[in-house]
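> with the sequence up front, the predicted model follows.
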Amino acid sequence: MRINVAVAGVKGRMSGQVVSSILESENMELVAGFDIHGVGEVIAPGIEISSPDSMDKVLKAVSRPDVFVDFTNAAAAVENVKVAARNNVKLVLGTTGFSDEEFKELESAINGNVPAIISPNFSIGVNVFWDLIAAAAKHLQAYQYHMEIIEMHHSHKKDAPSGTAVKAAEILADYVKGKTTFVYGRQGITGERTDDELGIHAVRAGDIVGEHTVLYAGKGERLEITHRAHSREAFAQGAIKAIEWINAKERSGIYSMADMMRELEQG
């Protein structure tokens, strides 16, 4: 049985790759696409880009989507999620940069209404990366190793640090001595580094797809764990897996990629 999918932000880099992957899939069908740019443009046979303003009307008019995919921006995603949840459409949400208030709005729209999988990164490799950096931090915390995060993305990325780096920082904070002090880059006379610091550094240049490194530095050595994305296909293929997985869920609420991977790995 084919899965009907609607995608928001189809003119964006990530959403465009997801659209391509859906069109290549044998068990999925693109039934709607939304963007503020290119309204009326044909993106697949019989599918034109619709304005987000018409989302509620389109979701009701088309063959009802089973899953709604959003890789837009925080403000747009909050409203998109509300519309999709109101129409009982399951969600795959990869948008980042939400404020605490915005995330509470998402939770309110989702819980009790639809199943949703939310992740700052849908790459399978990145989700393993998060497990690895936690394991390394657990081992090294007793030896007072300092930890720093370096993330690199293309020059068009609008938010910093990346959602993936923020998630990494949240993971590592559990292994920092005392109450963690997040330091976003350094400039000027900053004084000596303290043991409670966790540095997060963002690089924006060229067409870098995505690279994240956690550096653990002790006396006389350092350990680095790095994930490099060669193309956005890594993220899109993870999103395709997430579409398939969330489509099979009946219980409403927010799920993570870790939930999905744990279930799939257990068979």
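Everything's here; your move. Please read all numbers here as calculations on a predicted model, not as lab measurements. Numbering: from 1, shown residues only.
> ok, the most centrally placed residue in the chain - contacts?
By C-alpha atoms, centre = their mean, the chain has its centre lying nearest to Pro120, at 2.3 Å. Residues near Pro120 by C-beta atoms under 8 Å, 6 or more residues apart in numbering: 94, 96, 162-164, 166-167. Yep, even glycine has a C-beta here, placed from its N, CA and C like the rest.
> with those residues in mind, which one is nearest to Thr194?
Using C-beta to C-beta, Val166 is the member of those that lies nearest Thr194, at 21.0 Å.
> got the confidence number for that closest one?
What the model reports as pLDDT for Val166 is 95.
> in what helix or strand does it lie?
helix 163-173 (DSSP states H and E).
> try Ile22
Counting by DSSP H and E, Ile22 is part of helix 13-24.
> just the C-alpha atoms of that helix, please, in CSV.
The C-alpha trace of helix 13-24 is given here as CSV (Å, rounded to 0.1, in the frame of the first residue of the first chain):
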residue,chain,number,x,y,z
ARG,A,13,17.7,22.2,-0.4
MET,A,14,16.7,19.5,2.1
SER,A,15,13.0,19.3,1.2
GLY,A,16,13.9,19.2,-2.5
GLN,A,17,16.1,16.2,-1.9
VAL,A,18,13.3,14.5,0.1
VAL,A,19,10.9,15.2,-2.8
SER,A,20,13.3,13.5,-5.2
SER,A,21,13.6,10.5,-2.9
ILE,A,22,9.8,10.2,-2.5
LEU,A,23,9.4,10.3,-6.3
GLU,A,24,12.0,7.5,-6.6
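> much appreciated, bye for now.
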